[in-house]
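Engineer: Next comes the sequence, and after it the predicted model I'd like to discuss.
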Amino acid sequence: MATCKTLVHTSLSSIGSTLRPQFIPLLNLRFSPLLWPNKGLRVSNVTSRPYASIAAAEAADFTDEAAPSPNETLDPSESQDTVEHLLTHRDDVVKFMKMERRPLRCPLGGGRWFPYLDRFNCGGAYLSSGEILEAVDPYIMDVRKERFRNVVRNRSYSVCLVVEGLGDFGNVSAVFRSADALGIQSVHVLSCDASKRYRENRHVSMGVEKWLDIELWDSTQECFEVLTSRGYRIATTHVGMDAVSIYDMDWSCPTAIVVGNENRGISDEALDLSDLHCSIPMKGMVDSFNVSVAAGILMHHAVCDRTSRLGCHGDLTSEENQILLAEFSLRHSKNSISIAHEYAKRKAALLTPRL
């Protein structure tokens, strides 16, 4: 397993300049007094893995967490972190998101939708995003933290994706992977076919479901009503006379893109409830794309149009940026949750007056 999975009280800030094909002791140490007050610093001997470059180390750090190889033995909780499991276990999807979330129908007051509150529940005590980042900072590789910062900087909730009734988990996985790559943080899934097998398609998603906000819905009407309450316009993909070309749309307006079933397309209910129909202009003999390809084209054009109009796709405020960084840090590994709880205990002990 990657070094970042081992709980150590060390800083890896010096590893970037010393990555060589040899074993390197980690000696550059940092710690927070809230973590280990009045205790000696305990150091575990951790060896490095032989990478030829910083880029290779970063890639390994990212991939080892997100996408275990098929031959790797996982513990029961890790083996369940698949798209199939998440889409068929609603409670586990909720647990997957760590920071406290706003109510489903939250009045925006003219603002933009952002799902998280600036607090994490540690069994009755609460930590802010800043405290979480302080707690886990010594335990995450610098290259990994920089990766988090770059990803969060380019994330947005102003465009979200809704997949309706997809029966192929391979397509769902491909859609998730495209959303992550393009900076679309929020994905909604309407009534996936739980009878399909997914395990053989895990490599398609590369584990990106871990880094997305996934919401599951049984009712198209409820899903659309909630999205409307969050300030989104609902745009269903449909080839028809009233369909607007995606190239004529203003994607700076918060938009929920809806793609439909591989065979049937968008349901009549979704078409009736949506605000507009949109289509991708096609010049060939066939007037349709594979659903994962269509979703990729739609999201890519939305990001390009937003970048052209706004200067960039990512639009989180500094506060939202920090909260999402904390969310990613908590999702980084199971140890992050334990570290946050330990930090909360130390904080409470320091704040409790001694008799």
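Structural biologist: Thanks, I have it.
Engineer: Do you have the strands of the protein handy? List them.
Structural biologist: 120-122, 125-127, 159-164, 186-190, 213-217, 233-237, 244-245, 255-259, 276-279 (DSSP state E).
Engineer: Could I get the ones you listed in TSV, plus columns for mean pLDDT?
Structural biologist: Below are the strands of the chain laid out as TSV (pLDDT from 0 to 100):
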stretch	mean pLDDT
strand 120-122	92
strand 125-127	92
strand 159-164	96
strand 186-190	93
strand 213-217	91
strand 233-237	96
strand 244-245	95
strand 255-259	96
strand 276-279	95
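Engineer: who does the longest helix along the chain touch, helix- and strand-wise?
Structural biologist: Criterion DSSP state H: the longest helix present in the chain is helix 291-310. Packed against helix 291-310, as judged by 3 or more CB pairs under 8 Å, 6 or more residues apart in numbering; DSSP states H and E, are the following elements: strand 159-164, helix 169-182, strand 255-259. Backbone N, C-alpha and C define where each C-beta goes, glycine included.
Engineer: now those as JSON lines including distance to G314?
Structural biologist: What follows is the helices and strands packed on helix 291-310, written out as JSON lines (distance: least, CB to CB, whole Å):
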{"stretch": "strand 159-164", "distance to G314": "11"}
{"stretch": "helix 169-182", "distance to G314": "11"}
{"stretch": "strand 255-259", "distance to G314": "16"}
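Engineer: Make TSV from the ones you listed and add distance to A295 and mean neighbour count to it.
Structural biologist: What follows is the helices and strands packed on helix 291-310, written out as TSV (distance: least, CB to CB, whole Å; neighbours: other CB atoms under 10 Å):
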stretch	distance to A295	mean neighbour count
strand 159-164	6	26
helix 169-182	5	23
strand 255-259	5	26
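Engineer: Dig out what V159 forms beta bridges with.
Structural biologist: T255 (DSSP bridges).
Engineer: In this structure, mark out all the helices, start to finish.
Structural biologist: Going by DSSP H, the chain shows helices at 54-66, 76-79, 83-88, 90-96, 129-136, 142-153, 169-182, 202-205, 220-229, 268-273, 291-310, 318-332, 334-351.
Engineer: Those: lowest mean pLDDT?
Structural biologist: The minimum mean pLDDT among the helices of the chain belongs to helix 76-79 (a mean of 39).
Engineer: you'd agree V151 is up against F328?
Structural biologist: Yes: with contact taken as CB atoms under 8 Å, V151 and F328 are classed as touching, separated by 7.4 Å.
Engineer: Just give me the neighbour total for N150.
Structural biologist: By other CB atoms under 10 Å, 10 other residues sit near N150.
Engineer: I meant L216, not that one.
Structural biologist: For L216, the neighbour count with other CB under 10 Å is 17.
Engineer: now it: how far from R119?
Structural biologist: 24 Å (CB to CB, to the nearest Å).
Engineer: I'd like to know which of the helices of the chain lies nearest to L104.
Structural biologist: Proximity to L104 (CB to CB) singles out helix 220-229 among those, at 5.3 Å.
Engineer: What residues of that closest one count as buried?
Structural biologist: Buried residues in helix 220-229, defined by neighbour count with 16 or more other CB atoms under 10 Å: 220, 223-224, 226-227.
Engineer: the inter-axis angle of that helix versus strand 233-237?
Structural biologist: Per axes from the mean of the first three to the mean of the last three CA atoms, to 10 degrees, the angle that helix 220-229 makes with strand 233-237 is 130 degrees.
Engineer: And helix 220-229, what does it pack against?
Structural biologist: On a contact count with 3+ CB pairs under 8 Å, 6+ apart, helix 220-229 meets strand 159-164, strand 186-190, strand 233-237, helix 268-273.
Engineer: what would the ones you listed look like in JSON lines with distance to G111?
Structural biologist: What follows is these, written out as JSON lines (distance: least, CB to CB, whole Å):
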{"stretch": "strand 159-164", "distance to G111": "16"}
{"stretch": "strand 186-190", "distance to G111": "16"}
{"stretch": "strand 233-237", "distance to G111": "16"}
{"stretch": "helix 268-273", "distance to G111": "24"}
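Engineer: Tell me which of these approaches E146 most closely.
Structural biologist: Comparing these by CB to CB, strand 186-190 comes nearest, at 23.8 Å.
Engineer: just checking, what packs against the closest one?
Structural biologist: On a contact count with 3+ CB pairs under 8 Å, 6+ apart, strand 186-190 meets strand 159-164, helix 169-182, strand 213-217, helix 220-229.
Engineer: Select, out of the ones you listed, the one closest to M241.
Structural biologist: For those, the distance to M241 is smallest for strand 159-164, at 21.6 Å, taking CB to CB.
Engineer: so who does G265 touch?
Structural biologist: By CB atoms under 8 Å, 6 or more residues apart in numbering, the contact set of G265 is 237-238.
Engineer: any idea how far F328 is from it?
Structural biologist: 35 Å.
Engineer: Next: I184.
Structural biologist: I184 is 15 Å from F328, where distance means CB to CB.
Engineer: More neighbours: which of these two?
Structural biologist: The residue with more neighbours, out of I184 and F328, is I184; 28 against 23, by other CB under 10 Å.
Engineer: Read off the pLDDT value for the more buried one.
Structural biologist: So, for I184, pLDDT stands at 97.
Engineer: so it makes contact with S158?
Structural biologist: No: I184 is beyond contact range of S158, at 9.4 Å (criterion: CB under 8 Å).
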